[in-house]
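1. need coordinates for the below:
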Amino acid sequence: MHNARLHFDCLMPETAAELMGARINTLSELLIRDGMVADASLEHSKPSDAPEAELRAVYLEQHDELSFDTVHRFSIQVRGAGSLNQVAMLYSKLFTPPAALPKDPAALEQESNFETTSPYPWFLSIA
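-> Coordinates of the predicted model:
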């Protein structure tokens, strides 16, 4: 069993950050209920050491302008995780919307045609 802190740094507006915190807490409750982690707790902050320049650059690659400039850090302390990688991947799905995939297996071979971008850029580090 693993204990770790997942740090998601995300450039997003304040209203989106509030919703993200609620979504993370809901997922944490489900992971505890399903026995994937023994415990999970969220700390939301605005860190001074976040990779702000990199996050801005990623955002501006996909948008014409930046109307907000706050980097939010969502630190999730997980205890008793069987697979830390699996838990991190589940949380990361909250930051990137699912792609609409066709039913045709041949079309799925061109997977790059179905990639979606996150509405707000984010980085993950694990400590």
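
2. would you map the helices across this structure?
-> For the chain, the helices defined by DSSP state H occupy 14-33, 52-62, 84-92, 105-108.

3. what residues does the shortest one touch?
-> So that's helix 105-108. By C-beta atoms under 8 Å, 6 or more residues apart in numbering, the list of residues contacting helix 105-108 from outside reads 101, 102, 113, 114. Quick note: C-beta positions are derived from backbone N, CA and C, even for glycine.

4. could you save the helices of the chain as a markdown table and add columns showing mean pLDDT?
-> Below are the helices of the chain laid out as a markdown table (pLDDT from 0 to 100):
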| stretch | mean pLDDT |
| --- | --- |
| helix 14-33 | 97 |
| helix 52-62 | 93 |
| helix 84-92 | 94 |
| helix 105-108 | 77 |
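
5. including distance to residue 69, could these go into a markdown table?
-> Shown next, in a markdown table, are these (distance: least, C-beta to C-beta, whole Å):
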| stretch | distance to residue 69 |
| --- | --- |
| helix 14-33 | 11 |
| helix 52-62 | 8 |
| helix 84-92 | 23 |
| helix 105-108 | 38 |
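
6. tabulate these (a markdown table), appending distance to residue 5 and mean neighbour count.
-> Output for the helices of the chain, formatted as a markdown table (distance: least, C-beta to C-beta, whole Å; neighbours: other C-beta atoms under 10 Å):
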| stretch | distance to residue 5 | mean neighbour count |
| --- | --- | --- |
| helix 14-33 | 13 | 15 |
| helix 52-62 | 19 | 14 |
| helix 84-92 | 11 | 15 |
| helix 105-108 | 35 | 10 |
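
7. quick one: closest of those helices to residue 8.
-> Residue 8 lies closest to helix 84-92 among these, at 7.0 Å (C-beta to C-beta).
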